[in-house]
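Undergrad: Fold the following and give me the result.
(one chain, ligands or ions: 2)
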Amino acid sequence: MNKLQFKQDRPLDFIALGRLCIDLNANETQRPMEETKTFTKYVGGSPANIAIGVSRLGLNTGFIGKVSDDQMGRFITSYLTETNIDTDHVAIDRTGAVTGLAFTEIKSPTDCSILMYRDNVADLKLDVHNVSEGYIKQSKALLISGTALAQSPSREAVFLALEYARKHEVVVFFDIDYRPYTWASEEETSTYYNLAAEKCDVIIGTREEFDMMEKLLNLEASSDEVTANRWFSYNAKIVIIKHGGEGSIAYTKDGNSYRGGIFKTKVLKTFGAGDSYASAFIYGVMTGMSVKEAMRFGSASASIVISRHSCSDAMPTVAEIKEFMSSAEEILQETY
Ligand SMILES: Nc1ncnc2c1ncn2[C@@H]1O[C@H](COP(=O)(O)OP(=O)(O)O)[C@@H](O)[C@H]1O
Ligand SMILES: O=C(O)C[C@@H](O)[C@H](O)C(=O)COP(=O)(O)O
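TA: Numbering: from 1, shown residues only. Ligands and ions are numbered 1, 2, ... in the order given. Now for the predicted structure:
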């Protein structure tokens, strides 16, 4: 089968699995972290941002994750509930683990970085007992975030969720979401990423992330096309390779490729681009847009989010994206 087939009889549209964290975004921009005194707190973590984006666009969304048993964990769960995300499968850690924190530094629109505090984090304590077959089979689609593969017991929870998704024909989106500080070695990283990607229907990552997955394989002269074709011999139907401010390219199993442009915007910070792109792309393909249209929708959402202070809170509605697309300048690059 070449195309994504979403089972229309399912009560849930989309479930995301992975980390639920906190972003602390610097209020004083144009300066280094050492000189930053105040931050604004938002829900963060790539799969959380994507779920929030998808829910704000109107899809019926749920989450499988684990939060700390404290004020931070409760803040996250409340925010998800307010955003209409089902939290019945967000478990509470009872071992004293903490919420992961991402402090963001916004030195300039092109010079942004993230300082992560991720020792003993609750999200990586997600275990197989927190993954319900009955819940997964109620959904049309599942998103796996690669960071959840970084450690046990979360790693096993991901593989079990993948197993249930395949068994019940739930379409699986895999956001590579590679964060090196969460992993012990390049060999371990590449091995688990490849094992998980084999089971997924849509794989989304940056060129650098795919390079990381291919490092051990000694692929001769890898290119976006070589990368994509490798996955079509497994389960992938769509492979998207993101190229930052130069746009993105999607390959489909039927042999086509589609180049995605960007929409010009006043960039405040660069992080959040990938998550907003993913959420609007997923919404697009799940609501009948073509791959090309869904990529444009993703790019427009990314442009909106990178012009705003947060990632999660900044996720736009369908009306906002459409309005933005009607007036923003679109640029298509042919540099890759
Ligand atoms: N400077 C930018 N201006 C406009 N759109 C951008 C810019 N940077 C990224 N985007 C959009 O966001 C998408 C994902 O960005 P990218 O940086 O590749 O992902 P990630 O945030 O995961 O590293 C791009 O394909 C593009 O559509
Ligand atoms: O994913 C995290 O833990 C941090 C995010 O919440 C953060 O805001 C971010 O890095 C967004 O990632 P991107 O969309 O891949 O740029």
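Undergrad: From here on, just use CA atoms for contacts and neighbour counts.
TA: Will do.
Undergrad: Number of residues surrounding the closest residue to ligand 1 within the stretch 101-250 of the chain?
TA: For the stretch 101-250 of the chain, the residue closest to ligand 1 is residue 244, as judged by CA to the nearest ligand atom, at 3.1 Å. Using other CA atoms under 10 Å, residue 244 has 13 neighbouring residues.
Undergrad: got it, and residue 146?
TA: Neighbour number of residue 146 under other CA under 10 Å is 26.
Undergrad: who touches the closest residue to it other than its chain neighbours in this structure?
TA: Of all residues not flanking residue 146 in the chain, residue 176 sits nearest, at 4.7 Å (CA to CA, 6 or more residues apart in numbering). By CA atoms under 8 Å, 6 or more residues apart in numbering, the residues touching residue 176 are 145, 146, 147, 193, 203, 204, 205, 209.
Undergrad: And the buried ones among those, selectable in ChimeraX?
TA: Only the buried entries of the contacts of residue 176 go into this ChimeraX selection, using 16 or more other CA atoms under 10 Å:
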select :145,146,147,193,203,204,205,209
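Undergrad: Would you mind measuring from the residue at the greatest distance from the centre of the chain to residue 112?
TA: Each residue of the chain has a distance to the centre, and by CA atoms, centre = their mean the biggest one is for residue 35: 30.2 Å. Per CA to CA, to the nearest Å, residue 35 is found 14 Å from residue 112.
Undergrad: Same question for residue 170.
TA: Applying CA to CA, the value for residue 170 to residue 112 is 36 Å.
Undergrad: Between those two, tell me which one has more neighbours.
TA: Remark: of residue 170 and residue 112, residue 170 carries more neighbours, 28 against 17, as counted by other CA under 10 Å.
Undergrad: all helices for the stretch 151-300 of the chain, in order.
TA: Applying DSSP state H, counting those that start in this stretch to the stretch 151-300 of the chain gives helices spanning 154-167, 186-197, 207-214, 224-232, 273-286, 291-306.
Undergrad: avg pLDDT for the shortest one?
TA: Helix 207-214 shows a mean pLDDT of 94.
Undergrad: Kindly export that helix (C-alpha atoms) in PDB.
TA: Extracted C-alpha coordinates of helix 207-214, given in PDB (Å, rounded to 0.1, in the frame of the first residue of the first chain):
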ATOM      1  CA  ARG A 207      19.000  16.400   7.300                       C
ATOM      2  CA  GLU A 208      21.300  16.300  10.400                       C
ATOM      3  CA  GLU A 209      19.000  13.800  12.200                       C
ATOM      4  CA  PHE A 210      18.900  11.400   9.200                       C
ATOM      5  CA  ASP A 211      22.700  11.700   9.000                       C
ATOM      6  CA  MET A 212      22.900  10.600  12.600                       C
ATOM      7  CA  MET A 213      20.800   7.500  11.800                       C
ATOM      8  CA  GLU A 214      22.900   6.600   8.800                       C
END
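Undergrad: Any residues of the stretch 101-250 of the chain in contact with ligand 1? List them.
TA: With the criterion set to CA under 6 Å from any ligand atom, the stretch 101-250 of the chain comes near ligand 1 through 206, 242, 243, 244, 245, 247, 248.
Undergrad: Residue 43 is in contact with residue 19, isn't it?
TA: No: Residue 43 lies out of contact with residue 19 (CA atoms under 8 Å); the separation is 10.5 Å.
Undergrad: So for those two, which sits in the more crowded spot?
TA: In terms of neighbours (other CA under 10 Å), residue 19 is the more surrounded of residue 43 and residue 19; the figures are 31 against 27.
Undergrad: part of a strand, is the more buried one?
TA: No: counting by DSSP: H, G, I helix; E, B strand; the rest coil, residue 19 is not part of a strand but coil.
Undergrad: for it, what are its contacts?
TA: 45, 46, 47, 48, 65, 66, 123, 124, 145, 147, 148 are the contacts of residue 19 under CA under 8 Å, 6+ apart.
Undergrad: count of residues packed around residue 37?
TA: Using other CA under 10 Å, the number of residues around residue 37 comes to 9.
Undergrad: typo on my end, it should be residue 111
TA: 12.
Undergrad: Use 36 as the first number for this chain going forward.
TA: Let's use 36 as the start, then, which means that last one is residue 146.
Undergrad: Next, give phi and psi for it.
TA: Here is the backbone geometry of residue 146 (degrees, to the nearest 10): phi -120, psi 80.
Undergrad: again, but for residue 148
TA: Main-chain torsions, residue 148, degrees, to the nearest 10: phi -150, psi 170.
Undergrad: What pLDDT is listed against it?
TA: pLDDT, residue 148: 92.
Undergrad: Repeat that for residue 255.
TA: For residue 255, the pLDDT comes out at 64.
Undergrad: Next one, pLDDT for the residue of the stretch 136-285 of the chain closest to ligand 1 please.
TA: 94.
Undergrad: Enumerate every residue touching the residue lying closest to it once chain neighbours are set aside.
TA: Distances taken as CA to CA, 6+ apart place residue 241 nearest to residue 279, at 7.7 Å, with adjacent residues excluded. Contacts for residue 241 (CA under 8 Å, 6+ apart) come out as 276, 277, 278, 279.
Undergrad: I'd say the first one and residue 240 touch.
TA: What it means is residue 276. Yes: counting by CA under 8 Å, residue 240 is a contact partner of residue 276 at 5.4 Å.
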